[in-house]
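**Q** pasting the sequence and the predicted model now:
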Amino acid sequence: EEVVKEDVQDGLSENTKFVWPTMGTVITTSYGTRIHPVTGEEKKIDYIGIAGSEGDSVFAVADGRITDAGFDSILGNYIVLTTKTGEIVTYGHLSESKVLKDTEVKTGEITGLMGKTGSATGVFLSISVEADGEKVDPMVYFD
C-alpha cells in the first residue's frame, strides 16, 4: 500500500514555498544565534545571508506587493515584499532596487541587485521572513 505524504511540511502548504532569491546558493549567515563579525557580541540573527557578486540579480521569492523600499543605515538599500499568502519578506544590502513601493511583483521577477550597502562587510543578500507577526527562519520556506 502506497503512503502519500501530506502537502504540509513544517506547517506550510506547498503554495507557501518560495523560489530561491539569488543565483548564488552559499549561505554565509544562518538564522539563530552567532558571534557578530564586527562587534564580537553574541547576537540573535533573524535573517539568512546569501553570498553573491556585486550586481547579481535578486528575485521575488513569491507573488506579492512591494510594501516598502528605501535606505536604512543597517539594511542599506532594502525592499519589503508582502506575499499573497501574507508573509513579509525583507531584502537587505542591495546595490539597487529594481522595484518601486506599491507595485505588484511576480515570483522570479528581478527586484534588485546584490550589493554591500548599510552595515554589510561584504556583498550578500540578507533576507528575513515575518509570518503572523513573528520572525521565522526563512529556510523553512525553501525546498
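**A** All right, it came through fine.
**Q** nearest residue to the middle of the chain?
**A** residue 127 (2.5 Å; Cα atoms, centre = their mean).
**Q** beta partners of that one?
**A** residue 48, residue 91 (DSSP bridges).
**Q** quick one: residues contacting it.
**A** 21, 47, 48, 50, 61, 89, 90, 91, 92, 138 (Cβ atoms under 8 Å, 6 or more residues apart in numbering). Backbone N, C-alpha and C define where each C-beta goes, glycine included.
**Q** now these as CSV including pLDDT and neighbour count?
**A** Output for these, formatted as CSV (pLDDT from 0 to 100; neighbours: other Cβ atoms under 10 Å):
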residue, pLDDT, neighbour count
21, 97, 26
47, 95, 20
48, 95, 22
50, 96, 23
61, 97, 25
89, 98, 24
90, 98, 21
91, 98, 29
92, 98, 25
138, 96, 25
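**Q** that'll do, ta.
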